[in-house]
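Q: Based on what follows, work out the 3D shape:
(4 chains)
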Protein chains: 4
Amino acid sequence: MAGNSFGELFRITTWGESHGDAVGVVIDGVISGISLSDADIQKELDRRKPGQSTVSSPRKEPDTVVILSGVFEGKTTGAPISLMVKNSDAHSSAYESLQKTPRPGHADLAYFEKYGNYDYRGGGRSSGRETVGRVAAGAVAKKILAAAGIEVVCHVVQIGMVHADSCVLDKFSLPEIKERIQENPVRCADFAAASAMEKTVKAAQENKDSVGGIVEGRICGIPAGLGEPVFDKLDADLAKAIMSIGAVKGFEIGDGFLAGSAQGSQFNDEMEWTDDGTGRTISMKTNHSGGILGGISTGGEIRFRAAVKPTPSIARPQRTVNLDTKDNEIIEISGRHDPVIAPRIVPVCEAMAAIVILDHFMRRKALDHKTLR
Amino acid sequence: MAGNSFGELFRITTWGESHGDAVGVVIDGVISGISLSDADIQKELDRRKPGQSTVSSPRKEPDTVVILSGVFEGKTTGAPISLMVKNSDAHSSAYESLQKTPRPGHADLAYFEKYGNYDYRGGGRSSGRETVGRVAAGAVAKKILAAAGIEVVCHVVQIGMVHADSCVLDKFSLPEIKERIQENPVRCADFAAASAMEKTVKAAQENKDSVGGIVEGRICGIPAGLGEPVFDKLDADLAKAIMSIGAVKGFEIGDGFLAGSAQGSQFNDEMEWTDDGTGRTISMKTNHSGGILGGISTGGEIRFRAAVKPTPSIARPQRTVNLDTKDNEIIEISGRHDPVIAPRIVPVCEAMAAIVILDHFMRRKALDHKTLR
Amino acid sequence: MAGNSFGELFRITTWGESHGDAVGVVIDGVISGISLSDADIQKELDRRKPGQSTVSSPRKEPDTVVILSGVFEGKTTGAPISLMVKNSDAHSSAYESLQKTPRPGHADLAYFEKYGNYDYRGGGRSSGRETVGRVAAGAVAKKILAAAGIEVVCHVVQIGMVHADSCVLDKFSLPEIKERIQENPVRCADFAAASAMEKTVKAAQENKDSVGGIVEGRICGIPAGLGEPVFDKLDADLAKAIMSIGAVKGFEIGDGFLAGSAQGSQFNDEMEWTDDGTGRTISMKTNHSGGILGGISTGGEIRFRAAVKPTPSIARPQRTVNLDTKDNEIIEISGRHDPVIAPRIVPVCEAMAAIVILDHFMRRKALDHKTLR
Amino acid sequence: MAGNSFGELFRITTWGESHGDAVGVVIDGVISGISLSDADIQKELDRRKPGQSTVSSPRKEPDTVVILSGVFEGKTTGAPISLMVKNSDAHSSAYESLQKTPRPGHADLAYFEKYGNYDYRGGGRSSGRETVGRVAAGAVAKKILAAAGIEVVCHVVQIGMVHADSCVLDKFSLPEIKERIQENPVRCADFAAASAMEKTVKAAQENKDSVGGIVEGRICGIPAGLGEPVFDKLDADLAKAIMSIGAVKGFEIGDGFLAGSAQGSQFNDEMEWTDDGTGRTISMKTNHSGGILGGISTGGEIRFRAAVKPTPSIARPQRTVNLDTKDNEIIEISGRHDPVIAPRIVPVCEAMAAIVILDHFMRRKALDHKTLR
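A: Predicted coordinates:
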């Protein structure tokens, strides 16, 4: 109810502030008997951490995860898994000048109105650092999903005015896209676009500015029948999960906003029986719906997109208020900040999507009509 | 968990199928002592019901609500409110030919995969008729919010390729928009655009086709501090609420997808102290964020948008599968269907947004730091 | 959160007041494909309804259930099941004198403090009539459990100072107990005790008084592994379910309060391998634990007991307050009231226990370590 | 859903095994601005920890709490509070012989059936060590409740066959009882009984046995109106909270099981207007109901009792099964074990009761009919 938990059957609770002692997550609902090591989680945290490239902030944190509970002799026991990452490189002094002047585009003022305080040392809970817990929990979810043949891949398709070319992207399989986005700092599988995106980011940075972007998510191997009508539709839960990531301002499934200008005859995905030699199965030639109809997965690939706003912390002078003096002020935000958020959000989107899918997978097991009769 | 409930403190559970005996909703968490009559609810149901204009289906249903519990001598008692609407004009025979041929763009196939059955008589739970319960519950939420000075207004801003002119819309206050959308069947406050939208809808209909649209939601009078970090952000919960409405394919808060191509210096809303004579308050000149920062309301107007797909039921022949014979078939869907969904979704969007806002209003009361110390 | 729902995966929401138009329940989480008819539910409601014997109130209500949704062509569809029973024989005029004088032992005063009102027409939500919804939902749960070989049987083991003889009860199998309690109005399988109980009830009634009792619940056929450590222990959830029934003042699992005076060497249930010809299985010779250890079912029979207070409505003059005049008053409660509650609570206890067991059964399916790897 | 969380608005999630690295708890829903220090929590943990007396196990653990998040500059911020206690004195080697022989009276076998494993090193999650997190969270709840004038006090009223004398107890106020139970290791305010209880415990210990007990809980200063009809009754939630503590086998509110043999004229608490000089208020001379009617607090003192079973770990030889060899075996449990659990459970019962009361206090704020109109 106070908002720090997500999921029903696979349920995560994150804790910790950007400049406190540590951040972490408790995961409840992990089935027993799954092999799980520090390395499984560390590899996802390493994808999340800053300081990895020219387009992200140089803050260097080892972000080493510790498994405090729930794993015994290398396997999950069914008990809650508690994961902790120490905060080691937090220069809170950089923020002291911000104690009374909430930063534009940040949650500072809203937190102050809500709690009577805000964590001027980098935003506290509203900081991107909170996503450490999400990504750590997502690593567990991804491991379980992988065993069921389900894979979640996110990648950047737009930064500023630069779009990836969908014809280029269509040439690659999902595993290829997963590989290719490791090759450049903007995590875009279209290398020509990636190069232009990097230039856009650098130009913004030199200009003491920042830039937004769009992340696409794709989920393959998903069975039909995930999602619960009428409120817990699979796309509604994905929307909440992705919109709960700071900086995300929009969510689309399938054709999304394009559907608003489409005609039914263009938008409907027609069905047909096809036979790949192993038996007749139903398939759709088009995927305008994004793999979800009536809130329930159809078995086809799920596709969604998230709009990511530009980093609010920019080096330019900005107008804000002083909460003490009640004067207007001009602030300049120092410290280290990514000039673009979208690439860093890629592993966070994957984590949240994986958690939603696993949670609905478990719901389907509970509610499945084919057993308990 | 099976998805037919929404909200935490103000919690609704809808039930009923499009061609069953009745549809309804149970609302738990209505505070006692609120004046509430059939008429309060009926007036919202009347806005929802079909057969009202040339752009919606001629199905005639009185849709008369009955309050079965929770109200005594004209006031809420604090007990759950059970509301029921009988289904009176459901010609299920029109659907019998669809027993084995799931309709493209509908949930039929997904339900079949999930439940081993689907309600060929108009979709059952996946039908728009399920929204009767949402709108009825939303009427209660709106009444409570109105007493707290909060108003939710939705209106159509796009149908097909026709957009409302934002310069025209900006001339009107929210109450004026609320009035104006009653003047035309497409519920658009820009009358010139509305006229073009109507033509678009009729053209689609004549062409045995349908057309999509975009609905904008605006909430005014909202206090700062609603929304719970980090997962139950106000915009994340709005996204889930709106995306849970059938036919909605996308959700944006504030600038939404435009944020993906924006720069931080354009996007950040700067703050300033202003004085309207009653004391200094903090305000923002721009509203790119849509009234929410870090998932918490800032006190400014909330703005969101929903992408609505074209009606999937179209009169043209469409390709689908026969689940029995495993043959491919061509179906033609008869019956009465709206050629556009967006205008009819307006009261549903209002209802869902009102429920989210009231729920978070109640959460804030529970968690408010200014009491219980 | 406002308390009118119970269960997580099999979730019921009851609504309706004792003297309103109707009472009912919405059940969410019923798997599809289960045969379900009015008769399945009616038979449990008939066990619950008053006016059946000399020891219960002569209020005559047909209590005919209507299935409003969720069943199509005789089978559950997976959609929420809405059940309604009209209130037909409610003489609210009998209560009008109680508008300002809360009845001792009833919830009247507590409701008044909480809601600013109380339903003087028989208690509203706090009336035993609310259990119609529980029993109707329990009938659905029992039907699903029966298909899985699980049976819940409750029976009266004490009324006033009269106890059933455990040596007598031990002679009967659970199905026999189920049969035998239909033979007498106090629902006690020990007929000698039943006869004495009836006398106790009649004596209390003649004396314008009422009497308490104890109900035992037994669940057989239950698999090992139900219950979730550490808070959602199976016995903790049973305790909540049973204590949520009005008039229940205590709950025990296994030896219950006797455990407080026992020694470990007496109380521990020792284990042994036994072989009934079909293979070696683990069993326990004793059942002090009541079939649950560490909150998890062991596979043995579950045994619990509920303490039921005497009917608070008695014909004797009682002292109470007038909320208007702020004077002390003497009231005499007219109307029809059971002189004992325990026998009537039997089907309600069965319903609540069945709902808990089914809910945990479904949770186990979701969290089972043997699948999804 | 997997059972490691408790509470709705004030929500705790415990994690950690008895012989893992650490145990802890995350608390969500702590209002901001509350002064909170390590010492506030440590003092409750010190009451819980073992090795304090001759009647409890000599395991020595400093049990030092670390506040990892949610507190800044000595005050709560509204963010989740993460608390951790390292496990320092866990001799798991003592348990190695138990790898294949589940201990009678313990959860070992049930866990094995559920998870395919059990933590032979002292029970893992089913160990009493899990209650560290409960007591730590309870300390926070108690601090907030104290500020609202609400106090929860638990004490031992029975061990084995020795009962505290209720006439003696009635001489003392709640604060006096709170003081007096610190004076003896059995936490009983009747010193004569306490002395006899100690002898009972020592006799059991010398006899390689253990003994059960009963804990009473009393809550004063509570406002009327807490508790949500019909399922989330205050006593139902207290029952679940207390029954969720390992070793508790029964729960009573007010007269509890005595109600089963009582008559209505004895049991009903009559009301009267009284005037203490500050105005007329309603009071009851008796408290058979235990301060709760219809599941809602009446404003009077709440009284409940919990039956605690004897420690299952006893030094005597016991019969059990070998899961590998499928042979029956005799085991002798070495290691350090309390010969009685009831006194150690006292702070845990207080913690759980405090959490329930605070949670319902917050619900009442959310649902209160006197605001938001």
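Q: Tell me the residues of the stretch 1-150 of chain A that contact chain C?
A: Taking CB under 8 Å from any CB of the partner chain as the criterion, the neighbours of chain C within the stretch 1-150 of chain A are A:1, A:9, A:29, A:31, A:32, A:33, A:34, A:78, A:79, A:144, A:147, A:148. All C-beta spots, glycine's among them, are computed from the backbone N, C-alpha and C.
Q: ok, of the residues you listed, which come out buried?
A: Members of these that pass the buried threshold by neighbour count (16 or more other CB atoms under 10 Å in any protein chain shown) are listed as A:1, A:9, A:29, A:31, A:32, A:33, A:34, A:78, A:79, A:144, A:148.
Q: Would you mind giving these as TSV with distance to chain B added?
A: Putting those into TSV (distance: CB to the nearest CB, whole Å) gives the following:
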residue	distance to chain B
A:1	6
A:9	8
A:29	12
A:31	17
A:32	21
A:33	24
A:34	23
A:78	20
A:79	22
A:144	19
A:148	16
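Q: For these, which two are the farthest from each other?
A: With distances taken as CB to CB, the most widely separated pair in these is A:1 and A:33, at 32.0 Å.
Q: what comes into contact with stretch A:15-24?
A: Under the contact criterion CB atoms under 8 Å, 6 or more residues apart in numbering or on different chains, stretch A:15-24 has outside partners A:4, A:14, A:25-26, A:82-87, A:90, A:92, A:95, A:119, A:121-125, A:127-130, A:132-133, A:136, D:26, D:66, D:68-70, D:72, D:77, D:79-82.
Q: per-residue confidence averaged over it?
A: Averaged across stretch A:15-24, the pLDDT comes to 95.
Q: residues of it that come out buried?
A: Going by neighbour count (16+ other CB under 10 Å), the buried part of stretch A:15-24 is A:15, A:16, A:17, A:18, A:19, A:20, A:21, A:22, A:23, A:24.
Q: Start and end of it, how far apart?
A: Chord length of stretch A:15-24, first to last residue, is 5 Å (CA to CA, to the nearest Å).
Q: Likewise for stretch A:9-22?
A: End-to-end span of stretch A:9-22 (CA to CA): 26 Å.
Q: For chain C, what is the nearest residue in the stretch 101-250 of chain A?
A: For the stretch 101-250 of chain A, the residue closest to chain C is residue A:147, as judged by CB to the nearest CB, at 5.2 Å.
Q: wait, chain A
A: Of all residues in chain A, the one sitting closest to chain C is residue A:366 (3.7 Å; CB to the nearest CB).
Q: and that residue, helix, strand or coil?
A: Secondary structure of residue A:366, reduced to three states by DSSP: H, G, I helix; E, B strand; the rest coil: helix.
Q: If we ignore the residues flanking it in sequence, what's nearest it?
A: Counting by CB to CB, 6 or more residues apart in numbering or on different chains, residue A:366 lies nearest to residue C:366, which is 3.7 Å off, once chain neighbours are set aside.
Q: swap in residue A:208?
A: residue A:315 (3.9 Å).
Q: now swap in residue A:311 and tell me
A: Nearest-residue entry for residue A:311: residue A:210, 3.7 Å, with adjacent residues in sequence omitted and distances by CB to CB, 6+ apart.
Q: Got the phi and psi for that neighbour?
A: Taking degrees, to the nearest 10, you get phi -140, psi 180 for the backbone angles of residue A:210.
Q: distance of it from residue A:305?
A: With the distance defined as CB to CB, to the nearest Å, residue A:210 ends up 20 Å from residue A:305.
Q: Likewise for residue A:270?
A: Residue A:270 is 23 Å from residue A:305, where distance means CB to CB.
Q: So for the two, which sits in the more crowded spot?
A: residue A:305 (25 against 16; other CB atoms under 10 Å in any protein chain shown).
Q: wait, is the more buried one part of a strand?
A: Yes. Secondary structure of residue A:305, determined by three-state DSSP: located in a strand.
Q: So what sits opposite it in the bridge?
A: Here residue A:305 sits in beta bridges with residue A:216, residue A:252, as judged by DSSP bridges.
Q: Give me the distance between it and residue C:202.
A: If you go by CB to CB, the gap between residue A:305 and residue C:202 works out to 74 Å.
Q: just residue A:216 next, same as before
A: Residue A:216 sits at a distance of 76 Å from residue C:202 (criterion: CB to CB).
Q: Counting neighbours, go ahead and name the busier of the two.
A: Summary of the neighbour comparison: residue A:216 and residue C:202, criterion other CB under 10 Å, with residue A:216 having more neighbours (22 against 15).
Q: In this structure that one contacts residue A:303, no?
A: Yes. Between residue A:216 and residue A:303 there is a contact under CB atoms under 8 Å: 6.9 Å.
Q: pretty sure the residue nearest to residue A:208 contacts residue A:332?
A: Yes. Residue A:315 sits in contact with residue A:332 when judged by CB under 8 Å, with a separation of 6.6 Å.
Q: which of the two has more neighbours?
A: residue A:315 (17 against 11).
Q: Spit out the contact partners of the more buried one.
A: A:208, A:332, A:333, A:334, A:337.
Q: Let me see the contact set for the second one.
A: Taking CB under 8 Å, 6+ apart as the criterion, residue A:332 is in contact with A:315, A:316, A:317, A:318.
Q: now, which of those residues sits nearest residue A:232?
A: Ranking the contacts of residue A:332 by separation from residue A:232, with CB to CB as the measure, puts residue A:318 on top at 40.1 Å.
Q: what number of residues lie near the closest one?
A: Neighbour count for residue A:318, taken as other CB under 10 Å: 22.
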